[in-house]
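Asks: what would the 3D arrangement of this be:
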Amino acid sequence: MDSSIVLPATLSRLPAGLEDAGSGVVRQEQRQQKDGYAALLQQALSHVDDKNHVATQAMGEVARRESDNLIDTVMRIQDARLTFEFALQVRNRLVEGYHELFNQNT
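Replies: A predicted model of the protein is given here:
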């Protein structure tokens, strides 16, 4: 009886990105985490920019007398302002945390 195991051709190769065992796998995971964080940050900043753009358009419409819905315009301006202030507070907390970590290591 033959006790050797024969793997199918698809299982005998490592998945893409795992060819270099050890540190290469760690670097790839770190790169994916960094890309994920960058994409999340980009999405959040894009959301803030979209809110600002909508508020600016609403102000322009009122200024050109294309719209007389002043309440909706003020609400959009306040929404954009609050969204921006929230993003600024998140940024400040991230910078503060970075400085704490940096000062802790020295």
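Asks: report all helices and strands that the longest helix anywhere in the chain contacts.
Replies: Criterion DSSP state H: the longest helix present in the chain is helix 23-63. When contacts are defined as 3 or more CB pairs under 8 Å, 6 or more residues apart in numbering; DSSP states H and E, helix 23-63 packs onto helix 70-105. Placement of C-beta: from N, CA and C, glycine included.
Asks: list the buried residues in the helix it packs on.
Replies: For helix 70-105, a neighbour-count test (16 or more other CB atoms under 10 Å) marks Thr73, Arg76, Ile77, Ala80, Thr83, Ala87 as buried.
Asks: what is that helix packed up against?
Replies: Packing partners of helix 70-105 (3+ CB pairs under 8 Å, 6+ apart): helix 23-63.
Asks: ok, back up a step: what is the nearest of the buried residues of helix 70-105 to His53?
Replies: Checking those against His53 with CB to CB, the nearest one is Ala80 at 8.4 Å.
Asks: what ranges of this structure fall below the confidence cut-off?
Replies: For the chain, the stretches flagged by pLDDT under 70 are 1-34, 106.
Asks: ok, 50 please
Replies: Within the chain, the set of residues satisfying pLDDT under 50 comprises 1-21.
Asks: how close does Ala63 get to Ala44?
Replies: Applying CB to CB, to the nearest Å, the value for Ala63 to Ala44 is 29 Å.
Asks: neighbour-wise, which of those two wins?
Replies: Neighbour totals were compared for Ala63 and Ala44, and Ala44 leads with 15 against 10 (other CB atoms under 10 Å).
Asks: quick one: contacts for the closest residue to that one other than its chain neighbours?
Replies: Nearest residue to Ala44, sequence neighbours excluded (CB to CB, 6 or more residues apart in numbering): Ala87, at 6.6 Å. Residues in contact with Ala87 (CB atoms under 8 Å, 6 or more residues apart in numbering) are Ala44, Leu45, Val48.
Asks: make it 10 Å
Replies: By CB atoms under 10 Å, 6 or more residues apart in numbering, the residues touching Ala87 are Leu41, Ala44, Leu45, His47, Val48, Asp49, Lys51.
Asks: any chance of these in TSV, plus distance to Asp35?
Replies: Formatted as TSV, the contacts of Ala87 follow (distance: CB to CB, whole Å):
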residue	distance to Asp35
Leu41	11
Ala44	15
Leu45	16
His47	19
Val48	21
Asp49	21
Lys51	25
